[in-house]
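Trainee: Predicted model, plus sequence, below.
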Amino acid sequence: MVDLKQYPRLSAELQAGKKSGSKIVSYILAGVLILLGLFFLFIVAKILPEGNKDDIAVMIFLGILALIMIGSAVYLITEQRNKDMAVKDSWRKADAVRMNELDEKAAKAIHLCGCLLYDDCLVSRTDAGDVYLPFEDILWVYGIQRRRSLNGVPILTNHAVNAVDIDGNDIEVMHSADGKEADSRTMTEVLVHQMHEAGYYPVIGYDGQLQKDTKKDLNILKRRYEQSMNEQFEREARTAKWICPHCTAENDGGTRCVYCGCLKEIKIPGEPVAETPVRTEAPQEPVRDYSNLAPNTPAKRSNPMLAVLLGLACVTVMGISLLIANRMGDPQPAEPDTPPVTVTDPEPGTDPGKLLDGEVGDTLETAFFEFKFNSVRKVSSYEGITPADGNQLIVANVTIHNTMRSSLPMFDSDFLMVYGDGDNDYAYPVTYDDPSKTGGEMLESEYSIGINKTVTGDLVYEIPADITSGYFYFEEYFDNGEYGEYYTVSFNL
């Protein structure tokens, strides 16, 4: 690709135009998608060893979502690289002599929306880089307008002009924001006018069907371009001055000689004629003939990355399914003729398969978390906190592990200390009445435990000085208002 830094005038003129940052945005977006995809795959890898049946749908969903994100990132990068290659390839026709000529005439060129329009070519600053397009290589020109809205309210309108060259590259050659410089129609008119002045008549205006057909077979667009050139050539031939080949009289347009009545012979590309009509109002440019192209040129192959991504997605989903099946194991068949068994819910504290009553050092498992009281001791003071007369301070060190798949809110009132049989023989941690009491390893009045995280800290209680034993009490309470199991941990001072 040509280094425009060697041509200061041309580079300066292009620099004066707008420089789009969509190329950088595309790469940033691709990077974000890749990071998100890898993050979801990491979550799947963390969930997979547990083999929990409840997580199967989550694993499959996250796996597919990760593949879609990574595939989208690869597609963005591939498309941007294709644009870069098309832009770099466009400079192959610009030799040193041509570049010096462009540099010298840069100040005189029409400067519109980041594009320099010369007499026979354009140089444009596009998303993929600076592009050089001779007018003879442009087959199709169309304007586009993109509107962006927020909750139905238009907030931004982008105008652009695209040009399709003889290699099928669809390149945005002009771009402007709403209300600045020109809209897409004006930009298209200026470019087409310059091309007409040079004797080139491309296909004009957006056509969705033509765009689809061109992607399948570029020859369709080339035939449309040839038709446009021929129609214009014929119009000019009918209006230009011409010399009658029979009486040699000069006629001002028309198709019949006003002197002898002889019909004017009109040259259609590909058809031989005896005489060439004189053209004085427009330059006489040769029309490129595409009729000798093979009518069934193979269609452009679609991006092979799409097939690769689909294959990877299928293989990954199959692999995850096989791993899940291996983790879960084969289902065991039910024994035939087995009479139904009636199961009754055990009373609280009597479930033989679950530890509901423990001692200091035991680990108990609730519906929300696992907890263990590591130690219970009597202290004279704790971080400036002293007991009232007739009372004592008890410090209980507890470890709590969140077993839920969401963050777990905790409160100091979760663990109640019971030290007698009376209605008032209980105590909450000192933070319950005064949340400002903090310090050391004391747990706050409210805190949160992350997913699969563990917290260890102190709960400080103030109870009568004569108490030497008791137990800690926790009862499950659900969002629907129902209560579950209750757990106790006894202690001796």
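Mentor: That came in fine, so what should we check first? Numbers count the residues shown, from 1 in each chain.
Trainee: drop to CA atoms for contacts and neighbour counts, all remaining ones
Mentor: OK.
Trainee: The strand or helix carrying residue 76: what's the following helix or strand?
Mentor: In this assignment (DSSP states H and E), residue 76 forms part of helix 56-89. Secondary structure here is assigned by DSSP H and E; on that basis, the next helix or strand after helix 56-89 toward the C-terminus is helix 96-104.
Trainee: what's the helix or strand following that following helix packed up against?
Mentor: For helix 96-104, the following helix or strand on the C-terminal side (DSSP H and E) is strand 110-112. With contacts defined as 3 or more C-alpha pairs under 8 Å, 6 or more residues apart in numbering; DSSP states H and E, the secondary structure elements packing on strand 110-112 are strand 115-117.
Trainee: in the strand it packs on, what's buried?
Mentor: When burial is assessed from 16 or more other C-alpha atoms under 10 Å, strand 115-117 yields the following buried residues: 115, 116, 117.
Trainee: by contact count, what packs against it?
Mentor: Packed against strand 115-117 by the contact rule (3+ C-alpha pairs under 8 Å, 6+ apart) you find helix 8-15, strand 110-112, strand 121-126.
Trainee: which residues sit against that strand?
Mentor: For strand 115-117, the surrounding residues in contact (C-alpha atoms under 8 Å, 6 or more residues apart in numbering) are 13-14, 17, 106, 109-111, 122-125, 173-174, 191, 194.
Trainee: among those residues, which one has the lowest pLDDT?
Mentor: Of all the contacts of strand 115-117, residue 17 has the smallest pLDDT value, namely 49.
Trainee: and which of the buried residues of strand 115-117 is nearest residue 227?
Mentor: Each of the buried residues of strand 115-117 was scored against residue 227 by C-alpha to C-alpha, and residue 117 proved nearest at 24.8 Å.
Trainee: give me the beta-bridge partners of that closest one?
Mentor: When bridges are assigned using DSSP bridges, the partners listed for residue 117 are residue 110, residue 122.
Trainee: Report the separation between it and residue 110.
Mentor: In this view, residue 117 and residue 110 are 5 Å apart by C-alpha to C-alpha, to the nearest Å.
Trainee: just residue 65 next, same as before
Mentor: Between residue 65 and residue 110 the computed distance is 48 Å (C-alpha to C-alpha).
Trainee: Over to residue 221?
Mentor: 28 Å.
Trainee: Neighbour count for those two, which is higher?
Mentor: When residue 221 and residue 110 are compared for neighbours, residue 221 comes out ahead with 22 against 16, by other C-alpha atoms under 10 Å.
Trainee: The more buried one and residue 138 touch, don't they?
Mentor: No. Applying C-alpha atoms under 8 Å as the test, residue 221 and residue 138 come out as separate, 10.9 Å apart.
Trainee: Which stretches in the stretch 301-450 of the chain count as strands?
Mentor: Listed in chain order, the strands of the stretch 301-450 of the chain (DSSP state E, counting those that start in this stretch) span 357-359, 363-365, 369-379, 391-402, 408-411, 416-418, 426-427, 446-449.
Trainee: Which of these sits closest to residue 457?
Mentor: Using C-alpha to C-alpha and comparing those, the one that lies nearest residue 457 is strand 391-402, at 5.6 Å.
Trainee: List the buried residues in that closest one.
Mentor: Under the neighbour-count criterion of 16+ other C-alpha under 10 Å, strand 391-402 has 392, 393, 394, 395, 396, 397, 398, 400, 401, 402 buried.
Trainee: What is the nearest of these to residue 206?
Mentor: Using C-alpha to C-alpha, residue 402 is the member of the buried residues of strand 391-402 that lies nearest residue 206, at 59.4 Å.
Trainee: What's the first helix or strand after the helix or strand harbouring residue 212?
Mentor: Using DSSP H and E, residue 212 maps to helix 208-216. Under the assignment DSSP H and E, the closest C-terminal helix or strand after helix 208-216 is helix 218-239.
Trainee: If you count neighbours, what's buried in that following helix?
Mentor: 218-226, 228-230, 233-234, 236-239.
Trainee: relative to helix 218-239, how tilted is the helix holding residue 212?
Mentor: 120 degrees (axes from the mean of the first three to the mean of the last three C-alpha atoms, to 10 degrees).
Trainee: Skipping adjacent residues, who's closest to residue 406 in space?
Mentor: Using C-alpha to C-alpha, 6 or more residues apart in numbering and skipping residues adjacent in sequence, the residue nearest residue 406 is residue 451, 5.4 Å away.
Trainee: what's the neighbour count on that neighbour?
Mentor: Using other C-alpha under 10 Å, residue 451 is surrounded by 14 other residues.
Trainee: And residue 427, by the same measure?
Mentor: Other residues within reach of residue 427, judged by other C-alpha under 10 Å, total 18.
Trainee: contacting residues around it?
Mentor: Under the criterion of C-alpha under 8 Å, 6+ apart, the contact partners of residue 427 comprise 416, 417, 418, 461, 462, 463.
Trainee: pLDDT, distance to residue 131 and neighbour count added to those residues, as a markdown table?
Mentor: A markdown table is the format used below for the contacts of residue 427 (pLDDT from 0 to 100; distance: C-alpha to C-alpha, whole Å; neighbours: other C-alpha atoms under 10 Å):
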| residue | pLDDT | distance to residue 131 | neighbour count |
| --- | --- | --- | --- |
| 416 | 93 | 75 | 18 |
| 417 | 95 | 78 | 23 |
| 418 | 94 | 81 | 21 |
| 461 | 95 | 76 | 21 |
| 462 | 95 | 80 | 21 |
| 463 | 95 | 83 | 22 |
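Trainee: Pipe these into JSON lines and attach distance to residue 261 per row.
Mentor: As requested, the contacts of residue 427 are arranged in JSON lines below (distance: C-alpha to C-alpha, whole Å):
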{"residue": "416", "distance to residue 261": "117"}
{"residue": "417", "distance to residue 261": "121"}
{"residue": "418", "distance to residue 261": "124"}
{"residue": "461", "distance to residue 261": "121"}
{"residue": "462", "distance to residue 261": "124"}
{"residue": "463", "distance to residue 261": "127"}
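Trainee: Just name the closest of the contacts of strand 115-117 to residue 77, please.
Mentor: Using C-alpha to C-alpha, residue 125 is the member of the contacts of strand 115-117 that lies nearest residue 77, at 19.6 Å.
Trainee: Which of the contacts of strand 115-117 sits closest to residue 43?
Mentor: Minimum distance to residue 43 across the contacts of strand 115-117 is 42.6 Å, recorded for residue 125 (C-alpha to C-alpha).
Trainee: Correct me if wrong: the closest one contacts residue 113.
Mentor: No. With contacts defined as C-alpha under 8 Å, residue 125 does not count as touching residue 113, sitting 9.0 Å away.
Trainee: Show me what the helix or strand hosting residue 470 pairs with in its sheet, parallel or antiparallel.
Mentor: Mapping residue 470 onto the secondary structure by DSSP H and E places it in strand 469-477. Partner strands for strand 469-477, per DSSP bridges, with pairing direction: strand 416-418 (antiparallel), strand 483-492 (antiparallel).
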